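Trainee: fold the following for me, if possible:
(2 chains, ligands or ions: 4)
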2 protein chains.
Amino acid sequence: MQLGAIEAGGTKFVCGIGDETGQIIEQIRIPTTTPTETLAGVTAFFKQHPVAAIGIGSFGPIGVNAKHRDFGYITNTPKAGWENFNFLGYIRTHLNIPVYWTTDVNVAAYGEYQLGAGKDIDNLVYFTVGTGIGAGVIYQGKFLRGFNHLEAGHILIKHLPTDHFAGVCPYHADCLEGLASGPALEQRFNAPAAELANRPEVWQLEATYIAQACVNYTLSYSPDRIVIGGGVMHQEQLFPLIREAFTNLLGHYTETPDVMNYIQRIKLNDDAGLTGCLLLANELIATGQTVGS
Amino acid sequence: MQLGAIEAGGTKFVCGIGDETGQIIEQIRIPTTTPTETLAGVTAFFKQHPVAAIGIGSFGPIGVNAKHRDFGYITNTPKAGWENFNFLGYIRTHLNIPVYWTTDVNVAAYGEYQLGAGKDIDNLVYFTVGTGIGAGVIYQGKFLRGFNHLEAGHILIKHLPTDHFAGVCPYHADCLEGLASGPALEQRFNAPAAELANRPEVWQLEATYIAQACVNYTLSYSPDRIVIGGGVMHQEQLFPLIREAFTNLLGHYTETPDVMNYIQRIKLNDDAGLTGCLLLANELIATGQTVGS
Ligand SMILES: Nc1ncnc2c1ncn2[C@@H]1O[C@H](COP(=O)(O)OP(=O)(O)O)[C@@H](O)[C@H]1O
Ligand SMILES: Nc1ncnc2c1ncn2[C@@H]1O[C@H](COP(=O)(O)OP(=O)(O)O)[C@@H](O)[C@H]1O
Ligand SMILES: [Zn+2]
Ligand SMILES: [Zn+2]
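Mentor: Ligands and ions are numbered 1, 2, ... in the order given. Below you'll find the predicted structure:
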């Protein structure tokens, strides 16, 4: 059985086909322009490569609560043309197959949970530190959500008194994303993040913020493991610094598993999202549902 | 059918009997001294008033994961004699009836969820601002927990630059509990919290910290409602200040229900905990379990 995957990002869409085990067979990239143009490319791809069901991980915020009017919509993005766009509806109408619909970070979390760094556990927090910071929580095999999906990349954390950078989040200035995303690094230090590799003070500061996220996620979810992905985490030297700062900040208050095992790097890398989409599409087929979220 | 309730606190135990509807019929208070002494009082009470099952909400941290060795234990409390004490085991051995075992804040959350300010919703965050700050999350009718129970009263938040108080948390200094608990108010302003009633700057500051907790809980759980209890919340003037600060801090990023409805005061007050215990005990009977958590 062939299954489909759509990772819908603000700069590009990645569409893939694969099998029930999450194996990716082929993928293409389509630039994110207008919904009409981009989605014409998407539907053309899936008409050429027929699939039994599709999993979508979308940029957002999106509506994931089937009880709400905005279910299936991209809601308040600044990206022209995509605000209040019924993405799920478009795909269901044009392809007429079962569709699983969730956030971009959730599909990557699911891929890691099933086949990557969260393979052996029940409860996973996955978060990505890239252009933005997003978190997905898998709780007993399902995505944790409530009124809507989580937005735990925007939590308020301590702004170090020695760090005079105002933060880049347009909504909250110095929330976690505002202080620790790739663009925050780039604006604070006036250079592309990758070029800051040899400046230890950059990663020491970054690790303190990421460690605060790990502390708050630990206290808020008590997961079995925290897995971190995203472009910024290519700086592998961050991991020992994050683990050390995490241990100090947590202050031995709650028991957690061994920190080496507890805080890990993403394993599937760029494939995590498509893999998660395929597996979620497969679950729709397995359970006979036409739409999932 | 008579059911039992134990609210086990660091200064006193409240034991109650009641019925399947959560109605409290009688209650007594027993000072928290040593486990032997205090629990002799507890078991004597329940031998005088036989019950079909008991719900316990205990101070902690406690072990609530049945897969772990510390299940049923009070783990690392500074309270002499109670550290690594098998509380659940003691009650089960001495009373030999079904026992539901969870945290003090969870039982109050459950009471509010079933009969109080969370009666009409699916997902509730309840937190208490008293001697400490504790949070309980009810997710689709069940307590959210993972490796262990949540400790979201200790999350790291922004320490206002104008607030030079170091914080009172022995583990994290200026975590949420360290900045905003009753003892934090009392040490910062050198007076019992209740006597600060007429100093608006006190409640303005306190509201900012509590609002940060509400923001982080909103982003982390996306609940239908946040309910706040505890001694400090007797200062009713806090609620409009919290709602205002919450709205400003959240920055219209995620949609939430109307804030008046979304952030509410506890309804059952001092009865929330015992009520929750009775209802949890009742569920054990209804499902035929001998131990729950
Ligand atoms: N090797 C690297 N080292 C540090 N930062 C990087 C590296 N590669 C990419 N980044 C940063 O990560 C961000 C992009 O994140 P990424 O996860 O790749 O994409 P997105 O979040 O847009 O999906 C950019 O801000 C970029 O500066
Ligand atoms: N009316 C009040 N106004 C402000 N703070 C109060 C008031 N009553 C009690 N407190 C504070 O609440 C804390 C006790 O919290 P409470 O919830 O009653 O007990 P506990 O947390 O120990 O179960 C104390 O620090 C006390 O100063
Ligand atoms: Zn933000
Ligand atoms: Zn603390």
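Trainee: A:Glu26 pairs with what?
Mentor: Beta-bridge pairing for A:Glu26 (DSSP bridges): A:Ile17.
Trainee: wouldn't it be in contact with A:Cys15 here?
Mentor: No - shown here, A:Glu26 and A:Cys15 do not form a contact pair, counting by C-beta atoms under 8 Å, at 9.1 Å. All C-beta spots, glycine's among them, are computed from the backbone N, C-alpha and C.
Trainee: neighbour count winner among these two?
Mentor: A:Cys15 (25 against 11; other C-beta atoms under 10 Å in any protein chain shown).
Trainee: wait, that one touches A:Phe45, no?
Mentor: Yes - with contact taken as C-beta under 8 Å, A:Cys15 and A:Phe45 are classed as touching, separated by 5.0 Å.
Trainee: shared neighbours, those two?
Mentor: A:28, A:30 (C-beta atoms under 8 Å, 6 or more residues apart in numbering or on different chains).
Trainee: buried residues, stretch A:12-20. List them.
Mentor: In terms of neighbour count (16 or more other C-beta atoms under 10 Å in any protein chain shown), stretch A:12-20 has its buried residues at A:13-18, A:20.
Trainee: name the residues that touch it?
Mentor: A:1-7, A:24-32, A:38, A:41-42, A:45-46, A:49, A:51, A:273-275, A:277-278, A:282.
Trainee: tell me the buried residues within those residues.
Mentor: Among these, the ones that count as buried by 16+ other C-beta under 10 Å are A:2-7, A:24, A:27-28, A:30, A:32, A:38, A:42, A:45-46, A:51, A:273-275, A:277-278, A:282.
Trainee: ranges for the helices of chain A?
Mentor: Using DSSP state H, the helices of chain A run over residues A:35-48, A:87-95, A:104-115, A:176-180, A:182-189, A:200-221, A:238-250, A:259-262, A:272-287.
Trainee: what is the fifth one packed up against?
Mentor: The reference is to helix A:182-189. Helix A:182-189 makes packing contacts with helix A:200-221 when contacts are defined by 3 or more C-beta pairs under 8 Å, 6 or more residues apart in numbering or on different chains; DSSP states H and E.
Trainee: what's the angle from the helix it packs on to helix B:200-221?
Mentor: For helix A:200-221 against helix B:200-221, the angle by axes from the mean of the first three to the mean of the last three C-alpha atoms, to 10 degrees is 80 degrees.
Trainee: okay, the most centrally placed residue in chain A and chain B: tell me how far apart.
Mentor: Centroid-nearest residue in chain A: A:Val105, 1.7 Å away (criterion: C-alpha atoms, centre = their mean). From A:Val105 across to chain B, the span is 13 Å (C-beta to the nearest C-beta, to the nearest Å).
Trainee: ok, the residue nearest to that residue when sequence neighbours are not counted - contacts?
Mentor: Excluding the flanking residues, the one nearest A:Val105 by C-beta to C-beta, 6 or more residues apart in numbering or on different chains is A:Gly134, at 3.7 Å. Each residue near A:Gly134 by C-beta under 8 Å, 6+ apart is listed here: A:103-105, A:127-128, A:153.
Trainee: follow-up on the earlier one: check the gap between the residue nearest to the centre of chain A and A:Ser220 for me.
Mentor: According to C-beta to C-beta, to the nearest Å, A:Val105 and A:Ser220 sit 16 Å apart.
Trainee: and the stretch 51-200 of chain A, which residues reach ligand 1?
Mentor: A:128, A:130-132, A:182-183, A:186, A:192-194 (C-beta under 6 Å from any ligand atom).
Trainee: which among these gets closest to ligand 3?
Mentor: Minimum distance to ligand 3 across these is 8.6 Å, recorded for A:Gly132 (C-beta to the ion).
Trainee: can you report phi and psi for that closest one?
Mentor: phi -130, psi -180 (degrees, to the nearest 10).
Trainee: just give me the neighbour total for it.
Mentor: 22.
Trainee: picking that back up, tabulate the helices of chain A (JSON lines), appending distance to ligand 3.
Mentor: Shown next, in JSON lines, are the helices of chain A (distance: least, C-beta to the ion, whole Å):
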{"stretch": "helix A:35-48", "distance to ligand 3": "25"}
{"stretch": "helix A:87-95", "distance to ligand 3": "23"}
{"stretch": "helix A:104-115", "distance to ligand 3": "14"}
{"stretch": "helix A:176-180", "distance to ligand 3": "5"}
{"stretch": "helix A:182-189", "distance to ligand 3": "10"}
{"stretch": "helix A:200-221", "distance to ligand 3": "12"}
{"stretch": "helix A:238-250", "distance to ligand 3": "20"}
{"stretch": "helix A:259-262", "distance to ligand 3": "26"}
{"stretch": "helix A:272-287", "distance to ligand 3": "22"}
